[in-house]
Structures are given as structure tokens and as C-alpha cells.
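1. Coordinates only, no sequence provided:
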């Protein structure tokens, strides 16, 4: 039997906008350690600059 | 800044003498060099922008350090390089909004009232430079006329070498126009200048139609230049469709800027050796939409091609699925459990209620006198603590609230703010962090139900806020801690539908180590894709389907059920039991999650001689005939494609999203096989979104003709002795064109199967067009409100193959968050039955929409807490008062009403 290759149960997500945050959450909620890397001082990306969003006119924040 | 010491009090920023343009507000106002990006920033820690800090640049100042109460300012911090071992990487570096500054024709740099769309978002936002008051930058006067100019930095190779469509600007421009009209005190004249209106997503077309009804003007014209008048208003010259030149003045012009990849991100991709597409987004295969050219590195969001929020969120989950696919053997090895403080027992204690009144920036405080509301709250029974917050949802306020709860010994909390729909879980977590049961919480919605709807009457709105707070407090005093139900999870899935989505879902589940039953009602897997020739990137679909089928056959974790339908379904998240009916009889399968991948069908029209003349064919029929060898594209001399057959009509008021690209692809294939062929595409708006625009450009370059028609003058197809003739009204010439055709391709709509049975069995809603309705259109695009049920593919909405693949991966990622937990907690707000009062009349189990109530052996009603959603219908229906809803007791509701 071939020896199973050692893998690391962690993932790095580069970019903390709405996509990076969702990836990080899904991975963390399914048992992986996540390093979420963001160059600006806060996560949220461009979506945090939007006012309301279609179609519910919910506050983007 | 020492992040552990910073308490986000803002003293550093207050005292910092350096003011620089605030990038969060797109430079429309100023921020300090010691700053936080925005009030709700996570992490909520101040930072010093060394490039602009006087101390870092000139060696003296240190005001922030002097005034920091916790000693958090540390000028000696150095950049640290850390090496981290990970199993895979996801790149989600996003996009950069196109910057029109260098381009003279947009006049952006010189005219203050020409703003970008992102600047306009900040102008509209309550947290923006003018706190949400709609004003123009030059004189802060309220504009009465605003123009939006589309395709700035998109579909433009002359100015900026961006041949692609940015895919999102049409929708955001419509949204901005609609919201601006709402914000405006005058009757705002909003005009959108566009080339093609690309409202191709779910519910987009309806939003477009509603905007027209609300008076937003849509003008089909590309604007070439803007000039400024003496009062800094702007003049636009444009040509109408019938060729008339018009000059119109606007108070403000919004440039609908496109999306592009930033130079830094391009450089990052180069360093990581990841291939980019010709449009400088990360290149991916249509069959592997979140996988980059570099093994182990995945991509999602706008960096993989311009896209909107729901698609980005969907791809983000897909990337999580792909990234985890090869790591499942190490699942849980590095994750750490979140630890919460022990719950403080409060039963029997006198209520000590804390009331937090939120300003929500100016969203509430702009109308409601929040301080008066807070003062009033202090006078209410059992209230021992009251506080006003600027943004209650911000991290520092949350931490402060947790502190206050502990310090003041509060045992009930009322937050008067926005809606519990979006914010209740956040505040409940704050309670848990403070050692309180999360159900000892009540919200008073003084924003959506008060300040937003009564903005014209601040006094009455303040009184109403007091009423709402009084009601919340009355109910809170009666709240009791609730227990959550713990459930075990069956670690397997049911995938319904064996098309491309279902097949990918099954394979990705298996890659993560979970078994699944893949159910297909047909006698083979593949679905609609069996009749499709190529993807948008011209990748042949046949071989791909063969590969998927082989992989599935070789995968021991997947059980395929062909010629099988779903007969019955029962159960709930973690514990579903579904009866399959197939050739070999019935079989009951148990599964923890269900993935709905049931697809959709091609519309068969009753117009354009379809069904009467064999030369009139739908897209799938043309593809199928080519694949079978029954149709030789090289022998076609005159082809006409008619777009929007059955789509964007009153009966089906949605865009089917894929048909423009499909016609363009087919046209290119005909041109490839016979360059002399004449190919004409009759369209209403060409919607080759994203990088598909390059196909449209290529088709025009190769001589494919595009003629626009409108719904009032639909084309007519006639059969003549020697061939077909299509007539269409040309809007420029205002005359009918007659086009000969030996093939007429109909770009027919994609229609829902309207699977009502399935909807009922899994308690999942459908919208008016028959598409399954996700839990949240932006943030939970593959989830349902029903836990444990997910969807992918055309059952959600028409979409191209690569989106169906990504959606399948996304649904798996979401499903795995359930499957990977061996047990899960269900909400405590469920019904319970006081059987002493029950007479077994059966009203409650008849009205229960979730089939959560059944009859026990004594004939009395019992509640299955796992199925109960806490809607309260049973409580309202019972004549004897036997059902009770935890968290919404009769006493609590009565107390609220009496308080009013």
C-alpha cells in the first residue's frame, strides 16, 4: 500500500473582500484552519464601500 | 499600533494633526493619518499610516502616543515576515474600479460634478462624506438632474484597452438611479446612457422594468464628451436612435466605471506563476472555474473575471470546496474550537434590563431623537442600564456591550436598532460572550420600521421609537433562557439531478470523503449538456461529459440511480429520509443533506414557423444536429439567429442569460466552417457579459451582422419556395429588411421544470418564474431557508456551464459545513405542546407549513422540534391554547401589546 502523502489542514486566503471572507468562513466551518490575508487595515473590500445592494436594498455593511 | 492594547477609543485619530484624502470615501472627504477605515471595520483597531504620519516623515509630533490612554501606539513596530505552511491557497484579491482620471473625454479630473459610480455610492451612504444627503461636490447643492454614463472603462479598446464587459455596471447604475430618486427631495430626473442594457441575472430584468416605471430614463447612446457650464453643471451631446442630435444639461454626471485587475495583483499573479486571461483576469477553464493554472492555488470573485456579489460569494464557496478537496485527510487537524464563557443562570432573578439605542450613523439619529429615546428608556420598569451607540454593530461597541452586561449584572438585553433579520445573530453572540443565554435578547426595529418610513416627521418618529422600545422592554422582562436541540448528522448526501451540476456535486462530495446517492430520472447522466457543443471558451463539452461519467462510475462513494424519481421525502437537516422510485422498485435512503440540481428545460416556441419548417431550429437542436453529424455548418450560406424567443416577454419577464453568447458562438462556428456565409443576429440587447464580449467583438470582426429589433416589431419568418425569408424592421432606416436564410436559429428561453412536488417535500420556495428561491440573493446564493438543503445549476436560474460547475462546488462546500459536524444545534425558538389542553382536533398539524406536528398514540399533538421553524402558526390556530412558542410566549406577546 502506498504511503499516504502528508497534507496540511490549513488554507491561506489572499484578499479579505466578500469572496475571501466567504471562502474563509466555509473552510473554517468545515474543519480547516484559515489564514485570511488582507493588505488594507480592515476586511470587507469594495463591498464595504457600497451603500445599499440590489434587490432588497439592504445596507451593504 | 499594538492591536492587543488598542481599545478603538479614537483618541489618536482625534488628536492627529495630519489630514489626508479619505480613500474609504473615495477622497471626497479627509481622514487623519491615525485612523480606522470605517466605523464597522473588522478588526476595529486604529492604525498609523506611516506614509502620511508627521512623525514618520519628519521625526516629530507623537500626538497620538501622548493621548493614547492604553499605551497602544508603538513607533518601533517592524514589518514581520512569517512563513506559513498551508495545504492550498485561494486568491481572492478582487478588482480595482477603473480610474477615469487620465482620460480626457470623461472630463473627470477637471469637472468636480463628474463623479465615479463608487464616489456616488459614498455620496448616497449614511456613513459617507455628506451622511447620505444627496448633494453634488462643487457646491453641495442637491442635484435635480443626474446622468449615468455606462461602459466607462469597459467595452472600450480605443481609450483603455478593455475589450470586456464589466458585467455589473448596468445593474449598479439602475440601483443608484432608483436610490437617488428615493433620496431626492425634488423629483430627480435620472437618465442612464447605455449601449446595451445587460440585466441578465436573477430578477435583474424586473428591477430594470420597475426602474422604467419609476421614471428612470434609459437612453441608448454612447456619450463621447462632456462639457462644463458656468455654474459647474454639465452638458452632454448625444444622438437619438433615429439620428437626431440633442444637447442636454445635467447637475451631475456619474461615470459607471468598469472593473479591472490592479497592477499589484497582476504582479502577484506573475510571482505566483498563475496564468492571466487576455483581459488580465485569472485564466480558468470552463470545466474548472475556480482552479488556476498553478496546482493547489484556486481563485474566486472578480479576479477570475468581472462579476457581481452573488456570483463572487458563490465562487468563494466553490473555491473553498476545491481548496479542501485534496486536504480532507487533514480535516480538523489544525482547527481550534471556539470557547465561550459558561452560561450564567438567571432563572428566578429579578430582571435587570440593559437598553442600547443605536444611532446607525444618521440612519436613525437623522430622524429619531435617540438621546430622548435613551432618556425615556431609563424610566421603564426593570431597566437598569441605558446607552446610546453610534453604530451598535461595530466590533468595539460589541465588546463594550459584553463588558457592560457583565459589569452591570444585566440579565436581559434590548437593542433598539435595525432588523433582527440581519443583526439578531450578531447581538446574540455578544450575549453569549458575556455569559448570557442568547435568547434573553429582544430587538426594537427603530430604523426600518421607524426612521426610514417616517423620515418626514421626526417628532412622531421619536414617539414611535419610544413605543417600540417600551414594547421590547415589556417583552424582555418576561424572556426565559432557552435550550437548543442537539441533533446527530447522517454523513451522506442526496443529489437530485444528474446533469453537469449534479455530477460535479457528487464528485466533489466524494473528494471530500462523503458518500452520496445521485438520482437521475433519465436513463443517462449529463442532462442538457448532452445536447451542447462547446462552452463560451470553445471547449468541447462531449469529452468532458465522458470524463465525468467515467469518474463517477469509478467512485465507490457515489451510488447512481438512473430512471429514478423522488417519491417521498421526510426529515430535516442531518436526518433526511427519502424514498426513491426506480426500475428496481422503491428504496429509502437516509442522508444528512440534499442538493437540488434538477436543471431546467429549453422553451419550445409556437412562433417563427418553429415545428412547421425543419430549417427553424432551437439552439440545443442545432448543437445536437451538429454533434450527430446531421447538420454540416460548412454548407450553410445564410443563417439568421433570433434572440429573446420567449425571454423578456410579459409571460417570461426574465433574461435567459446564455442565449446571446450561444448565438454568437454558433455564428462564429458557421463563419469558421464557411467564411463566405452570411450570418445575421437579430437582437434586443446583446448581453455578452464579462469576457464573452470578446466573442461579440470577434463576430463583428468576422462580418456577422447584428440588427436590433424591439418587442413591438418582432421579426417575421416566412417559408418561400427556395428558402426562408426573415423580415425585420431596421430602426435606423425605419424600413423592413428582408433576409434570406437556409437556417433560422431560435435563441429560446430556458424554462423551469416547476417541480412543485420537490418544493413541497424539501420545503423550498419557488419564485414567480419557477426558479428555486435561495435563502438570500446576495449572501446565501446556494442555500435555502430550510437547513440542510442546497441547490446548484439551472434550477436556480439560467446560467452558463462554468457557473453551474462553480455552483455545484459551492453547494458542496456549504453542505460540508453540515456534514463535517457530527452533531448540530437547532434554534431554541420552537413550539411545544401542552397536552393537558390538547383535544386532538388536528387543526395545528393541518396548518403547520413544515409538517412538524403529528399525532401521538393518544391522538394528541406532538411537535418535532427539529422540523419546527418557530413560525407560530399552530399557536395562532389552536382554540384551546395548547401550543406555545418558546421565546414568543403568549404572555410576552400580550405584554408587548399592553405596553402599546
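-> Cool, the structure landed. Not measured: the values here are computed from a predicted model. Numbers count the residues shown, from 1 in each chain, chains lettered A, B, ... in the order given.

2. Chain A: helices as residue ranges?
-> A:18-28 (DSSP state H).

3. mind listing the strands for it?
-> A:10-14, A:33-37, A:52-53, A:58-59 (DSSP state E).

4. so can I have TSV of the ones you listed showing distance to residue B:573 and mean neighbour count?
-> Every C-beta, even on glycine, is put in place using the N, C-alpha and C of the backbone. As requested, these are arranged in TSV below (distance: least, Cβ to Cβ, whole Å; neighbours: other Cβ atoms under 10 Å in any protein chain shown):
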stretch	distance to residue B:573	mean neighbour count
strand A:10-14	25	24
strand A:33-37	24	19
strand A:52-53	28	20
strand A:58-59	25	20
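
5. Can you check the pLDDT for residue B:280?
-> Listed pLDDT for residue B:280 reads 96.

6. excluding its backbone neighbours, what's nearest it?
-> Spatial nearest neighbour of residue B:280, chain neighbours left out: residue B:261 (4.7 Å); criterion: Cβ to Cβ, 6 or more residues apart in numbering or on different chains.

7. want to try JSON lines for the strands of chain A, with distance to residue B:606 and mean pLDDT as columns?
-> Listed next are those as JSON lines, based on distance: least, Cβ to Cβ, whole Å; pLDDT from 0 to 100:
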{"stretch": "strand A:10-14", "distance to residue B:606": "50", "mean pLDDT": "97"}
{"stretch": "strand A:33-37", "distance to residue B:606": "53", "mean pLDDT": "97"}
{"stretch": "strand A:52-53", "distance to residue B:606": "39", "mean pLDDT": "86"}
{"stretch": "strand A:58-59", "distance to residue B:606": "40", "mean pLDDT": "75"}
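
8. Following element in sequence after the helix or strand containing residue B:507, please.
-> Assigned by DSSP states H and E, residue B:507 belongs to helix B:500-511. Using DSSP H and E, the next helix or strand after helix B:500-511 towards the C-terminus is strand B:515-519.

9. Out of the strands of chain A, the one nearest residue B:198 is which?
-> strand A:52-53 (17.8 Å; Cβ to Cβ).

10. Give the buried residues for stretch B:380-388.
-> For stretch B:380-388, burial by neighbour count (16 or more other Cβ atoms under 10 Å in any protein chain shown) applies to B:380, B:383, B:384, B:385, B:386, B:387, B:388.

11. got the contact list for it?
-> Residues outside stretch B:380-388 that contact it (Cβ atoms under 8 Å, 6 or more residues apart in numbering or on different chains): B:350-359, B:370-371, B:374-375, B:377-378, B:404, B:408, B:410, B:412, B:469-470, B:473, B:476-477.

12. ok, 7 Å please
-> B:351-357, B:359, B:370-371, B:374, B:377-378, B:404, B:408, B:410, B:470, B:473, B:477 (Cβ atoms under 7 Å, 6 or more residues apart in numbering or on different chains).

13. which among the residues you listed end up buried?
-> B:351-357, B:359, B:370, B:374, B:377, B:404, B:410, B:470, B:473, B:477.

14. Just the ones of those in strands?
-> Judged by DSSP E, the buried ones among the contacts of stretch B:380-388 include B:353, B:354, B:355, B:356, B:357 as members of strands.

15. between the buried ones among the contacts of stretch B:380-388, which is closest to residue B:447?
-> When the buried ones among the contacts of stretch B:380-388 are compared against residue B:447 (criterion: Cβ to Cβ), the nearest one is residue B:359, at 9.9 Å.

16. Verify the contact between the closest one and residue B:366 for me.
-> No. Applying Cβ atoms under 7 Å, one finds residue B:359 not in contact with residue B:366, separated by 8.5 Å.

17. thinking again about what came up before, so for the buried ones among the contacts of stretch B:380-388, which is the shakiest by pLDDT?
-> Within those, pLDDT is lowest for residue B:359, at 90.

18. could you measure it against residue B:449, distance?
-> Distance, residue B:359 to residue B:449, by Cβ to Cβ, to the nearest Å: 16 Å.

19. and what of residue B:592?
-> 38 Å.

20. Please say which of those two ends up with more neighbours.
-> Per other Cβ atoms under 10 Å in any protein chain shown, whichever of residue B:592 and residue B:449 has more neighbours is residue B:592, with 24 against 15.

21. Now do the same contact list for that one.
-> Residues near residue B:592 by Cβ under 7 Å, 6+ apart: B:489, B:490, B:491, B:492, B:493, B:574, B:788, B:818, B:819.

22. try residue B:456
-> No residues are in contact with residue B:456 under the rule Cβ under 7 Å, 6+ apart.

23. Excluding chain neighbours, what is closest to residue B:5?
-> Using Cβ to Cβ, 6+ apart, the closest residue to residue B:5 is residue B:72 (3.6 Å).

24. swap that for residue B:713, please
-> Per Cβ to Cβ, 6+ apart, closest to residue B:713 is residue B:729, 4.1 Å.

25. Look up phi and psi at that neighbour.
-> Taking degrees, to the nearest 10, you get phi -80, psi 120 for the backbone angles of residue B:729.

26. Many thanks, we can stop here.
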